[in-house]
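Asks: Provided below are the primary sequence and the corresponding predicted coordinates.
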Amino acid sequence: MLVYSLQEILLIVILATAVDWLIGDPKRLVHPVVLIGRLVRSLELQLYREHPGDEGLTSAQARRRGILLLAATLFTATAVCYGLVEICRLIHPWLAYAAHVWLISTTIAVKGLKQAAEEVYQPLLQGRLEEARQAVGRIVGRDTEQMDEREVVRAAVETVAENTVDAYAAPVLWALVGGAPLAMMYRAANTLDSMVGYRNDRYRWFGWASARFDDLCNYLPARLTGLLMVGMSALHRQMSAKRALLAILCFAEKHPSPNSGIPEAAAAGAMGVELGGVNNYGGIKSERARLGWPLTPLAAGHIRGAVWLLMACSYGWTGGLAVIWASLTFAG
């Protein structure tokens with residue numbers, strides 16, 4: 001088994017982040033997340049074809065099957081990733097380094113998130129609201145057909161802010177702890193949450209374990225991201241670090257997620273806008289707590305502001321890792 005030093009794992013994570021910044025997700029390759037999604041759907045068909053109460057299936061049984069789904073998915077994703085790295089190591093240690101860099105880069109999605117936000121921003125800028133609705137519908141789970149421009153902007157800003165944790169901070173933190181296998185474990189957990197971690201009739205119990213495990217995995221990354229957003233907003237002349245921090249303290253705990261409210265509140269405070277409100281899911285209204293203060297009406301430019309925070313956080317975090325790597329490598 002190849003064991004990396006701290007300097008090596010720092011360099012691997014820095015290079016993996018650079019690969020995502022420059023290349024993103026190559027269209028011609030089957031992405032590991034796609035494979036994980038197929039695994040989840042296959043396991044779900046085997047474990048949970050019924051709804052709670054149908055054919056005698058109780059909520060406790062659904063929860064146990066959900067725990068089995070979580071364990072099987074995490075084990076498979078982590079073991080396959082570890083196996084690939086070990087096979088590469090047997091061929092040549094440098095190939096194992098390359099495998100680590102590539103596999104970790106597939107768990108990071110900064111470029112993809114930026115592009116998805118841009119696909120919402122550009123149509124709004126040109127007055128093509130229907131196209132913007134369709135674009136934002138590809139990155140949110142809420143109903144988008146009847147959204148006005150403000151609601152489209154709000155959905156995009158909230159998604160970019162929340163996913164600053166999922167797309168960068170969390171996979172990088174887990175990669176620092178355990179290399180590509182733990183980064184892939186995190187991505188599997190995050191994929192599970194996005195597929196079955198809903199509080200609706202079907203997934204309330206079956207997806208319970210997946211949702212709670214994802215909350216646990218994101219607990220520290222979300223808080224580090226919130227603090228980093230506060231620091232980065234001080235570098236933008238139209239943002240306020242003080243408001244970002246106050247928004248976290250005043251509003252984050254009102255969000256239904258223990259983690260998502262932190263980056264969303266930070267972004268809202270930094271830009272002087274109000275996020276949250278009424279979302280529709282399958283025609284059912286869901287009231288979300290308001291985050292931030294409506295000092296400025298939401299407009300298309302705030303999508304760019306959220307993307308700026310995303311990129312600033314990824315640059316700042318990676319720059320900090322680079323400084324640590326250089327200090328350890330060249331000290332003395």
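Replies: Structure's in. What do you need? Residues are numbered from 1 along each chain as shown.
Asks: So A289 lies in a helix, does it not?
Replies: No. Counting by DSSP: H, G, I helix; E, B strand; the rest coil, one finds A289 to be strand, located in no helix.
Asks: What's the local residue count around K111?
Replies: By other Cβ atoms under 10 Å, 19 other residues sit near K111. All C-beta spots, glycine's among them, are computed from the backbone N, C-alpha and C.
Asks: scratch that, Q61
Replies: So Q61, with other Cβ under 10 Å, has 15 neighbours.
Asks: Am I right that it falls within a helix?
Replies: Yes. Assessed by three-state DSSP, Q61 belongs to a helix.
Asks: nearest residue to G282 other than its sequence neighbours?
Replies: Nearest residue to G282, sequence neighbours excluded (Cβ to Cβ, 6 or more residues apart in numbering): D143, at 7.0 Å.
Asks: how about that neighbour, secondary structure?
Replies: coil.
Asks: Enumerate the positions of stretch 255-267 that are buried.
Replies: Within stretch 255-267, the residues that qualify as buried are 255, 259-267, counting by 16 or more other Cβ atoms under 10 Å.
Asks: Including distance to A170, secondary structure and pLDDT, could these go into JSON lines?
Replies: Converted to JSON lines, the buried residues of stretch 255-267 look like this (distance: Cβ to Cβ, whole Å; DSSP: H, G, I helix; E, B strand; the rest coil; pLDDT from 0 to 100):
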{"residue": "H255", "distance to A170": "17", "secondary structure": "coil", "pLDDT": "92"}
{"residue": "N259", "distance to A170": "9", "secondary structure": "coil", "pLDDT": "96"}
{"residue": "S260", "distance to A170": "12", "secondary structure": "coil", "pLDDT": "94"}
{"residue": "G261", "distance to A170": "16", "secondary structure": "helix", "pLDDT": "95"}
{"residue": "I262", "distance to A170": "12", "secondary structure": "helix", "pLDDT": "97"}
{"residue": "P263", "distance to A170": "11", "secondary structure": "helix", "pLDDT": "97"}
{"residue": "E264", "distance to A170": "15", "secondary structure": "helix", "pLDDT": "97"}
{"residue": "A265", "distance to A170": "18", "secondary structure": "helix", "pLDDT": "97"}
{"residue": "A266", "distance to A170": "16", "secondary structure": "helix", "pLDDT": "98"}
{"residue": "A267", "distance to A170": "17", "secondary structure": "helix", "pLDDT": "98"}
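Asks: Out of those residues, which two sit at the greatest distance?
Replies: Across these, the longest distance by Cβ to Cβ is 13.9 Å; it joins N259 and A267.
Asks: Would you mind listing where the stretch 51-200 of the chain has pLDDT under the threshold?
Replies: Within the stretch 51-200 of the chain, the ranges that satisfy pLDDT under 70 run 51-56.
Asks: residue boundaries of the helices in it?
Replies: All helices of the stretch 51-200 of the chain, identified by DSSP state H, counting those that start in this stretch, fall at 59-91, 93-107, 110-125, 129-137, 149-164, 170-196.
Asks: quick revisit: just checking, the residue nearest to G282 touches S286?
Replies: No. In this structure, D143 is not within contact of S286 by Cβ atoms under 8 Å, at 10.3 Å.
Asks: Find residues that contact each of those two.
Replies: When contacts are counted by Cβ atoms under 8 Å, 6 or more residues apart in numbering, D143 and S286 are jointly contacted by 279-280.
Asks: Counting neighbours, go ahead and name the busier of those two.
Replies: Neighbour tally, D143 and S286, criterion other Cβ under 10 Å: the higher count belongs to D143, 16 against 12.
Asks: Give me the distance from stretch 37-50 to the chain's centre.
Replies: What separates the centre of stretch 37-50 from the centre of its chain is 22 Å, taken as Cα atoms, centre = their mean, to the nearest Å.
Asks: Can you list the buried residues in that stretch?
Replies: So stretch 37-50, judged by 16+ other Cβ under 10 Å, has buried residues 37, 39-40, 43-44, 47-48.
Asks: any idea how far the residue nearest the centre of the chain lies from V160?
Replies: The centroid of the chain falls nearest to D166 when counting by Cα atoms, centre = their mean (1.8 Å). According to Cβ to Cβ, to the nearest Å, D166 and V160 sit 11 Å apart.
Asks: try T73
Replies: Counting by Cβ to Cβ - T73 and V160 are separated by 26 Å.
Asks: For the two, indicate the residue with more neighbours.
Replies: Between T73 and V160, counting by other Cβ under 10 Å, V160 is the more crowded of the two (28 against 24).
Asks: Chain neighbours aside, what residue packs nearest to that one?
Replies: In space, V160 is closest to A306, 3.9 Å off (Cβ to Cβ, 6+ apart).
Asks: No more questions from me, cheers.
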